[in-house]
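**Student:** What shape does this take:
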Amino acid sequence: MDLYALGGKAASIKNPVCWVYVPGASCFSEAAMPSKPHHRLVLGEKIRTCRKQAGLTQEKLAEKADLHHNFIGEVERGSMEISLTSLLKIAKALKVKVRDLVDEL
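**Tutor:** Numbering: from 1, shown residues only. The predicted structure is shown next:
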């Protein structure tokens, strides 16, 4: 189904939207995309700060942590959930304790 056929509006990059089916309605409704959870933003910023203090690029941190550099970027922006395993790898690569990364959550 074409998004334009659902109400004449398309999702824009500046103001992301999603299309939600509302039971009983004759079509889909436009709804704002949920913002990034606060804890992900705080954790990402803390990782970025520690990475920069260590003098590492995202690529070098990814290499040391055995993760993909795109993943590091997504985590730093708060766009990606992170597993405990990945968090442990990042902390080890940064030579910090996990608690130092999550202390402000």
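**Student:** Mind listing what's buried along the strand or helix carrying Leu43?
**Tutor:** Per DSSP states H and E, Leu43 falls inside helix 38-53. Residues 40, 42-44, 46-48, 50-51 are the ones in helix 38-53 that count as buried (16 or more other Cβ atoms under 10 Å). From N, CA and C alone the C-beta is placed, and that goes for glycine too.
**Student:** likewise stretch 74-88?
**Tutor:** For stretch 74-88, by 16+ other Cβ under 10 Å, it's 74-76, 78, 80, 82, 86-87.
**Student:** so where's this protein uncertain?
**Tutor:** The chain contains residues with pLDDT under 70 at 1-34.
**Student:** how's it carved up into domains?
**Tutor:** Following automatic domain parsing, the chain resolves into domains at 3-32, 38-102.
**Student:** first to last residue in the longest one, what's the distance?
**Tutor:** In other words, domain 38-102. By Cα to Cα, to the nearest Å, the extent of domain 38-102 from end to end equals 12 Å.
**Student:** Then stretch 64-82?
**Tutor:** End-to-end distance (Cα to Cα), stretch 64-82: 17 Å.
**Student:** which residues are in contact with that stretch?
**Tutor:** Outside stretch 64-82, the residues within contact range by Cβ atoms under 8 Å, 6 or more residues apart in numbering are 36-37, 40-41, 43-45, 47-48, 51, 56, 58-59, 61-63, 86, 89-90, 92-93.
**Student:** again, but for stretch 43-58
**Tutor:** 61, 64, 69, 72-73, 75-78, 82, 90, 93-96, 100-102, 104-105.
**Student:** Of the residues you listed, which belong to helices?
**Tutor:** 61, 64, 69, 72-73, 75-76, 90, 93-94, 100-102 (DSSP state H).
**Student:** Pull out the buried members of those residues.
**Tutor:** 61, 64, 72-73, 75-76, 90, 93-94, 101.
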